[in-house]
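# show me the folded form of this:
(one chain, ligands or ions: 1)
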Amino acid sequence: MLQEISAVTREYDVVVVGGGFAGARSAAELSSAGHDVLVIEGRDRLGGRMWSELDRLGGRYPVEWGGAFMVDRPTYPLTWQVIDRAGLDLAWGSPADTDLIWFTGGERRVGPLPVPFDELASLERLVVRVQELAGTIDLDAPMHEQDLSSLDVPWPQLLEGSGLGPHTIDLWKAHIITLAGDDWTVPSALPFLRSIAEAGSVLGATFFDAPIDTPMARTLGPQLAGGTASLYEAVSEEAKGDLLLGHRVRRIIEESDRVEVVTDEMSVFARAVVVAVPLGVLNDVEFEPALPKRLQSMAAEGVSAQAEKVTVLIENCPRPFYAHGSPAEGGFATISSTVHGGDTAVAIGFTTSPGALDLTDIASVEAAVRVYLPDCRVTDVAFHDWAADEFSRGTWSYLRPGQSADLDLVREPRGRLAFAGSDYDRRLGVEGALHSAGLAATEVSQILATDR
Ligand SMILES: Cc1cc2nc3c(=O)[nH]c(=O)nc-3n(C[C@H](O)[C@H](O)[C@H](O)COP(=O)(O)OP(=O)(O)OC[C@H]3O[C@@H](n4cnc5c(N)ncnc54)[C@H](O)[C@@H]3O)c2cc1C
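This is a model prediction of the structure:
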C-alpha cells in the first residue's frame, strides 16, 4: 500500500501524477520492478473518475458517481484479471423479467421490438450499412496509416441520405449518445465502427455475453458488489511508495538528468514522471519544454463525453425496466433499473446531452423518467458534474472527429515523461487506464535503465 506523507524529503525514481486507476497501476508496476515511487494526487481522495459511496441514495443505496460497469471479458481482459485474482463479487442487475421500453419517433412503446414492425426493414438497412462501413477498416494496420477520413465524422453526417425511418434514427441516436456520452453530433463514428469491425458484427459490438440474461448485463455489463472502491483497492494493493494527497501539480520541468514536479506547496525531483491526469486538464499543467502542439490541441478539445450519468431512486415502479430512446425535448437516452424490489427501483440514466436536464431539480428528473414510466415517482437523485470538475473536465474517453488517427502518436513518451490514462488509450474506461499504465511503466523502466 502507498504511505501518505505530508512533506517530501528525498528525490524519487518516479513521480506518478494522478491517483486514478492509471496512476495506481503505474505505481504498482513500477514499485514491483524495484523503483522508488511517489504518487501525487490533487484531490483529497484516490480513485479519480471511479468513486463509490455506500448508503448514499435515499440513505440506503450505494452510488457510483463515475464509472461502474465492467464490460465483457474479451473487451476488458486486464480488468477481469484483477476481478478474478481478487475474487471480487459482481452485481448483474435484477434477474426478474424486465420491461423493455422504447421512446422513438415521438411515441412510447413497451415490448421486445426496438422499432415498430413496419420499420424493421429500415433497421436492417441501418445494420447492413454500418457493418459495410466497419468492414472498410483494416484492423491490422495502424489507424494513422489509413485514410479513414470519410468515417471520422459524426454519425448524422455518415448516415445522411440513407433513407432511414424516424424510429430507426432515434434508436441509433440514443445508442450512440449512451456509448459516447454526448449528443450524437459530437463524437466521431470511427471508434464504434472500429469496435464493430473487431467484434465482427453490429450486434456483437452492442450486446455482451452474460451469465444472467438481463438487459443491463447484456448492454452495460455487471457492476462490482463492493463498489469500484474494491477494484481500486485490488489494483493499488501492490503499489509501494509514498503518496501526497491534496497536492495539485502545476508545472513539470524536464532537465537533462531529472524532472522537477511543482505543486502549489513544494517541488519534488524524480528521474522520470508518469503523467496520469485526464486529457481535459492536461493543459492546466505547464510543461517545460512544451508538449507537442497536437497533444495540446487534443487536450483543449477534451474527450467528447460530457453528458451526465445520473442515479435515480424511483417509487411506484412495479417491474425492473430498461428504457431507451430520443425524447424530442431531451432527457434520458437510456435509463435502466439496476436494483429492484417491491415497487422501488434504483436506476442509472444517461442524459441526451450535457445540461439537458436540471439535475438539481427532482421534478425535472421525474418528468424525464415519466417519458418512459408515466406513473412513477422520483424520490432521490445523485450525480456528479464531471464536465465542470477541475480535476477531470469530462467523463469517459470518447474520441471526437480528427482525434483517432493521432491517439497513438500523442501518447508516445517524450524525454523523461510517459503518459497513462484511459483518455490516451484506444481501450475504453478502466481497461484503457490499466492498459496505458502498463505501457507507461515499461517506458519509464526503459528510461531508468538507460540512466544506469
Ligand atoms: C460518469 C462516468 C461514467 C463512466 N462509466 C464507465 C463505465 O461504466 N465503465 C468504465 O470502464 N469506465 C467508465 N467511465 C470511465 C472511467 O471512470 C475512466 O476511464 C477511468 O476511471 C479513468 O482512469 P484514469 O486513471 O485514466 O483517470 P482518472 O480517474 O481521472 O484519474 C486521474 C487522476 O488525476 C488527478 N489529477 C488531475 N489533475 C491533477 C493535477 N494537476 N495534479 C495532481 N492530480 C491531478 C485526478 O484528481 C484523478 O484522481 C466513466 C466515467 C464517468 C465520469
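# wait, what's in contact with the closest residue to A356 other than its chain neighbours?
Nearest non-adjacent residue to A356, counting by C-beta to C-beta, 6 or more residues apart in numbering: G330, 3.6 Å away. In this view, the C-beta of every residue, glycine as well, is placed from N, C-alpha and C. When contacts are counted by C-beta atoms under 8 Å, 6 or more residues apart in numbering, G330 touches T351, T352, S353, A356, L357, A368.
# ok, now D408?
By C-beta under 8 Å, 6+ apart, the contact set of D408 is P142, M143, H144, R426.
# which residue ranges form the strands in the stretch 201-350 of the chain?
Secondary structure of the stretch 201-350 of the chain (DSSP state E, counting those that start in this stretch): strands at 223-224, 241-245, 249-254, 259-263, 267-275, 286-288, 309-315, 321-325, 332-341, 344-351.
# now swap in the stretch 51-200 of the chain and tell me
52-57, 61-64, 90-91, 99-104, 107-110.
# for the ligand, which of those is the nearest?
Closest to the ligand of these, according to C-beta to the nearest ligand atom: strand 61-64, at 7.8 Å.
# so which elements touch that closest one?
In this structure, strand 61-64 packs against strand 52-57, strand 309-315, with contacts taken as 3 or more C-beta pairs under 8 Å, 6 or more residues apart in numbering; DSSP states H and E.
# now with 6 Å?
strand 52-57 (3 or more C-beta pairs under 6 Å, 6 or more residues apart in numbering; DSSP states H and E).
# how about the strand it packs on, does it get close to the ligand?
No: against the ligand, strand 52-57 shows no contacts by C-beta under 6 Å from any ligand atom, the least distance being 11.1 Å.
# so where's the stretch 101-250 of the chain shaky on pLDDT?
Within the stretch 101-250 of the chain, no stretch has pLDDT under 70.
# got the residues of it near the ligand?
R248, V249.
# rewinding a little: among the contacts of G330, which are in strands?
Counting by DSSP state E, the contacts of G330 place T351 in strands.
# what's the most distant pair in the contacts of G330?
The largest separation in the contacts of G330, counting by C-beta to C-beta, is between S353 and A368 at 12.4 Å.
# between the two, which one's more packed in?
A count of neighbours by other C-beta atoms under 10 Å puts A368 above the other of S353 and A368, at 25 against 19.
# and the more buried one, what's its pLDDT?
Predicted confidence (pLDDT) for A368: 98.
# returning to what we had before: need the strands of the stretch 201-350 of the chain in CSV with distance to T9, can you?
What follows is the strands of the stretch 201-350 of the chain, written out as CSV (distance: least, C-beta to C-beta, whole Å):
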stretch, distance to T9
strand 223-224, 37
strand 241-245, 10
strand 249-254, 18
strand 259-263, 15
strand 267-275, 10
strand 286-288, 25
strand 309-315, 41
strand 321-325, 54
strand 332-341, 46
strand 344-351, 45
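# tell me which of these sits nearest to L126.
strand 321-325 (15.1 Å).
# need the nearest residue in space to V339, chain neighbours excluded.
Nearest non-adjacent residue to V339, counting by C-beta to C-beta, 6+ apart: V346, 4.1 Å away.
# what's the local residue count around that neighbour?
For V346, the neighbour count with other C-beta under 10 Å is 22.
# list the contacts of it.
If a contact means C-beta atoms under 6 Å, 6 or more residues apart in numbering, then V346 has Y61, T338, V339 as its contacts.
# so what's the first one bridging to?
This means Y61. L57 (DSSP bridges).
# per-residue confidence at it?
93.
# kindly report the same for the last one.
In the predicted model, V339 carries a pLDDT score of 91.
# tell me, how many residues neighbour it?
Using other C-beta under 10 Å, V339 is surrounded by 19 other residues.
# distance check, it against G59.
V339 sits 14 Å away from G59, taking C-beta to C-beta, to the nearest Å as the criterion.
# swap in Q306?
As defined by C-beta to C-beta, Q306 lies at a distance of 30 Å from G59.
# could you do D423 as well?
For D423 relative to G59 (C-beta to C-beta), the value is 34 Å.
# cool, P374 as well?
27 Å.
# contacting residues around stretch 349-363?
Residues contacting stretch 349-363 (C-beta under 6 Å, 6+ apart): 177-178, 183, 306-310, 330-335, 364, 368, 378, 381, 383, 387.
# are any of the residues you listed buried, and if so which?
177-178, 183, 306-310, 331-335, 364, 368, 378, 381, 383, 387 (16 or more other C-beta atoms under 10 Å).
# report pLDDT for R452.
On the pLDDT scale, R452 gets 69.
# apologies, that question was intended for P74.
89.
# separation between the residue nearest to L120 when sequence neighbours are not counted and T168?
Closest residue in space to L120, ignoring its immediate chain neighbours: L113 at 7.4 Å, by C-beta to C-beta, 6+ apart. Between L113 and T168 the computed distance is 12 Å (C-beta to C-beta).
# for the two, indicate the residue with more neighbours.
T168 (26 against 13).
# how far away is the more buried one from L123?
From T168 over to L123 the distance is 5 Å, taken as C-beta to C-beta.
# same deal with L193?
18 Å.
# go on, P211?
For P211, the distance to L123 - C-beta to C-beta - is 28 Å.
# okay, those two: which has more neighbours?
L123 (19 against 8).
# dump the residue contacts of that one.
V115, T168.
# residues near E4, how many?
13.
# not counting its neighbours along the chain, what's nearest it?
L243 (4.8 Å).
# strands paired with the helix or strand encompassing T379, and their directions?
Using DSSP states H and E, the element containing T379 is strand 377-382. Within its sheet, and counting by DSSP bridges, strand 377-382 is paired with strand 309-315 (antiparallel).
# the partner strand to strand 321-325, inter-axis angle?
For strand 309-315 against strand 321-325, the angle between stretch directions is 130 degrees (axes from the mean of the first three to the mean of the last three C-alpha atoms, to 10 degrees).
# wait, which of the strands of the stretch 51-200 of the chain is closest to S397?
It's strand 61-64; of those, that one is closest to S397 (C-beta to C-beta) at 17.4 Å.
# give me the below-cutoff pLDDT ranges for the stretch 251-400 of the chain.
The model of the stretch 251-400 of the chain has no residue with pLDDT under 70.
# tell me what the residue nearest to V339 is bridged to.
Here V346, judged by DSSP bridges, has bridge partners L313, V339.
# measure it to the ligand for me?
15 Å (C-beta to the nearest ligand atom, to the nearest Å).
# and the stretch 351-452 of the chain, which of its residues are near the ligand?
Counting by C-beta under 6 Å from any ligand atom, the stretch 351-452 of the chain sits next to the ligand at W386, F391, S392, T395, W396, S397, G421, S422, G429, V430, G432, A433.
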